[in-house]
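1. here you go, sequence then predicted model.
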Amino acid sequence: MENIWAAAPRLRPPLDGPAEADVAVVGAGYTGLWAAYHLKRLAPSLEVVVLEAEHAGYGASGRNGGWCSAELPVEAAVLARRHGRAAAEEMRRAAGAALDGIEAVLRAEGIDCDWHRGGTLYLARNRPQLRRLLAAARSRPDGWSLLTAGQARARLRAEGVLGAAHTPHCARLHPGKLVRGLAEAVERLGVTVHEGTRVVEARPGLVRTVSRGGARTGQTPAAFRRAGGPAGGTDPRIADARTGSVRARYVLVCTEGYTPGSRVLTLTSCVAATEPLPAPVWAELGWRGRETVADLSRLFPYMQRTADDRIVIGGCGAGYGEAPYDHAALRDRLVGMFPVLREAAITHRWSGVLGLHRRGEPSVHLDPATGLGYAGGYGGDGVTLAYLAGGSLAALVTGADVPEARLAWTRARAGRWEPEPLRALGVRAVLACAAGADRHEERTGRPAPLRGAICSLFL
């Protein structure tokens with residue numbers, strides 16, 4: 001079934017021939033479009049070109065669960081050990097402020113993406129989850145509020161809830177509407193966006209492309225790597241394609257989970273949506289605050305109540321490489337939490353990718369000597385972090401004296417993942433441990449010490 005966020009794309013002209021620009025941006029997802037937006041705000045005279053293999057938002061930016069959260073994929077204590085307590089706190093504050101920044105842009109640009117800032121409700125549905133919830137709340141003094149089981153059920157009547165926490169630092173949105181509106185906004189600022197234009201080589205001062213005439217569409221990240229990406233050469237199987245190039249002082253690679261190489265680990269997450277639910281069902285469920293919702297399992301489900309009264313649920317596992325997608329687990333978890341949905345139809349199913357760095361920390365980098373830049377490793381928190389990363393990239397390119405240019409992630413470097421097949425074996429082992437730990441906790445109400453310890457090292 002199709003992606004509920006998808007719409008018939010507006011096909012912008014591909015690049016067909018040589019071009020010149022001050023900045024060439026590879027990828028028209030959130031990171032690339034926010035980088036272009038911030039660049040034009042900081043330096044309106046810059047010539048900025050965005051190159052997209054498919055259409056704006058084709059990748060993770062149009063396939064996620066619609067959480068715009070201020071959470072970071074790496075714990076504040078870990079950031080403090082690596083960069084110092086002040087830098088970790090600055091990073092946390094910047095992620096929180098990004099929510100305000102996105103909301104301000106939505107108002108200024110007239111982007112209607114079903115934005116609703118109701119925060120997140122984290123549910124604990126067994127004793128180990130409750131212990132993790134209490135520990136998380138103690139480590140986050142920035143607006144987290146604990147709820148008793150009764151208070152949680154007054155907000156959302158989910159099965160087996162022992163307690164909950166609410167944080168205001170999250171908004172629900174329609175990710176497809178956001179990325180399409182953002183693409184139109186950067187065009188109004190004078191940015192040129194070429195769709196159907198696959199980058200086959202990115203090096204200092206030059207990007208080489210093939211246009212849709214020969215480039216294949218609908219590729220998985222593995223197929224994207226085989227076809228050649230920003231670090232690769234032209235695939236001979238697309239030799240009949242129309243070629244193009246952009247000469248630019250700066251080249252920003254903003255492909256995140258689709259970036260070839262050994263520094264980004266790509267996982268696949270499944271997402272599904274119910275039919276619009278009738279008023280009697282919502283009367284039984286509650287959820288009047290339209291918070292985003294998750295529980296504290298290790299392979300947690302993330303959910304939202306959409307503007308048209310569906311439930312979108314994602315997570316409950318992750319695939320690696322060519323692993324099959326498991327949408328059945330999403331329905332099982334949904335009905336387990338909300339038995340009233342037993343007869344509700346699942347009308348849409350899709351998947352999306354997310355990128356992880358070796359040490360779990362996102363990074364933003366610009367080499368001033370070569371002009372090559374990169375941002376990514378968001379670990380599933382990219383809806384918000386892409387806005388902030390785009391600001392950091394733009395500040396580094398323009399030399400603007402703004403806080404985004406000095407954030408800790410501009411000093412972080414993504415390490416290399418182990419070579420295959422060790423990488424695949426390790427990832428699948430950790431995911432299996434996480435799934436096993438969740439099953440053990442749900443069945444016994446007790447933690448799974450060995451599996452939990454292994455998971456804590458990586459998740």
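-> Cool, the structure landed. Numbers count the residues shown, from 1 in each chain.
2. how far off centre is stretch 106-115?
-> Stretch 106-115 has its average C-alpha position 19 Å from the chain's average C-alpha position, going by C-alpha atoms, centre = their mean, to the nearest Å.
3. now that stretch: mean pLDDT?
-> Here stretch 106-115 scores 98 as its mean pLDDT.
4. ditto for stretch 283-300
-> Per-region confidence: stretch 283-300 scores 94 on mean pLDDT.
5. with just CA atoms, put that stretch into CSV.
-> The C-alpha trace of stretch 283-300 is given here as CSV (Å, rounded to 0.1, in the frame of the first residue of the first chain):
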residue,chain,number,x,y,z
ALA,A,283,-14.5,8.9,22.7
GLU,A,284,-13.3,5.6,24.0
LEU,A,285,-9.6,6.3,23.4
GLY,A,286,-9.4,9.9,24.6
TRP,A,287,-6.2,11.4,23.1
ARG,A,288,-7.9,14.8,23.0
GLY,A,289,-4.5,16.6,23.4
ARG,A,290,-3.2,15.0,20.2
GLU,A,291,0.1,14.3,21.8
THR,A,292,2.6,12.1,20.0
VAL,A,293,2.8,8.8,21.9
ALA,A,294,5.4,6.1,22.5
ASP,A,295,6.1,3.5,25.1
LEU,A,296,9.4,2.7,26.7
SER,A,297,10.1,-0.6,25.0
ARG,A,298,13.5,-0.8,23.4
LEU,A,299,12.1,-1.1,19.9
PHE,A,300,9.5,1.5,20.8
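6. and it, what's buried?
-> Of the residues in stretch 283-300, 285, 287, 290-300 count as buried by neighbour count, 16 or more other C-beta atoms under 10 Å. (Glycine included, C-beta is placed from N, CA and C.)
7. tell me how many other residues surround P421.
-> Using other C-beta atoms under 10 Å, P421 is surrounded by 10 other residues.
8. could you do the one 4 residues further on as well?
-> Burial of L425 is recorded as 11 neighbouring residues (other C-beta under 10 Å).
9. pretty sure it belongs to a helix, no?
-> Yes. According to DSSP: H, G, I helix; E, B strand; the rest coil, L425 belongs to a helix.
10. so how far is I4 from it?
-> With distances defined as C-beta to C-beta, to the nearest Å, the gap from L425 to I4 amounts to 34 Å.
11. sorry, back to before: now the buried residues of stretch 283-300 as CSV including distance to F338 and secondary structure?
-> What follows is the buried residues of stretch 283-300, written out as CSV (distance: C-beta to C-beta, whole Å; DSSP: H, G, I helix; E, B strand; the rest coil):
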residue, distance to F338, secondary structure
L285, 6, helix
W287, 9, coil
R290, 15, coil
E291, 15, coil
T292, 15, strand
V293, 10, strand
A294, 14, strand
D295, 12, strand
L296, 17, coil
S297, 16, coil
R298, 21, coil
L299, 18, coil
F300, 16, coil
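12. so who does the residue nearest in space to the middle of the chain touch?
-> Centroid-nearest residue in the chain: G382, 3.3 Å away (criterion: C-alpha atoms, centre = their mean). For G382, the contacting residues are Y30, T31, A60, S61, N64, E256, L354, G355, by C-beta atoms under 8 Å, 6 or more residues apart in numbering.
13. now with 10 Å, please.
-> Applying C-beta atoms under 10 Å, 6 or more residues apart in numbering, we find G382 in contact with 29-31, 60-61, 64, 68, 73, 256-257, 354-355, 362, 375-376, 389.
14. ditto for T192
-> With contacts defined as C-beta under 10 Å, 6+ apart, T192 is in contact with 12-13, 15, 19, 21, 36, 47-51, 186, 246.
15. any idea how far it lies from R93?
-> Computed as C-beta to C-beta, the T192 to R93 distance reads 34 Å.
16. also R406?
-> From R406 over to R93 the distance is 13 Å, taken as C-beta to C-beta.
17. repeat that for P339.
-> Relative to R93, P339 is positioned 41 Å away (C-beta to C-beta).
18. R208: neighbouring residues, count only.
-> By the other C-beta under 10 Å criterion, the neighbourhood of R208 contains 18 residues.
19. no wait, V78
-> For V78, the neighbour count with other C-beta under 10 Å is 14.
20. residue ranges with poor pLDDT in the stretch 151-300 of the chain?
-> Along the stretch 151-300 of the chain, the parts satisfying pLDDT under 70 run over 212-240.
21. pull out the buried positions in stretch 181-192.
-> Going by 16+ other C-beta under 10 Å, stretch 181-192 has these buried residues: G181, L182, A183, A185, V186, E187, V191, T192.
22. meant to ask about stretch 117-133, not that
-> Result for stretch 117-133 [16+ other C-beta under 10 Å]: buried residues 117-126, 128-130, 132-133.
23. just give me the closest of the buried residues of stretch 181-192 to R198.
-> Among the buried residues of stretch 181-192, T192 lies closest to R198 (C-beta to C-beta), at 16.5 Å.
24. can you show me the helices along the stretch 351-459 of the chain?
-> Under the criterion DSSP state H, counting those that start in this stretch, helices of the stretch 351-459 of the chain are mapped to 382-398, 422-444, 449-458.
25. in stretch 264-276, which residues are buried?
-> V264, L265, T266, L267, T268, S269, C270, V271, A272, A273, T274.
26. what do you get for stretch 392-404?
-> S392, L393, A394, A395, L396, V397, T398, A400, E404.
27. who touches the first one in this structure?
-> Spelled out, that is S392. In this structure, S392 makes contact with 34-35, 38, 94, 362-366, 373, 375, 385, 402-407, 409-410, judged by C-beta under 10 Å, 6+ apart.
28. now the buried members of these.
-> When neighbours are counted using 16+ other C-beta under 10 Å, the contacts of S392 contain these buried positions: 34-35, 38, 94, 362-366, 373, 375, 385, 404-405, 407, 409-410.
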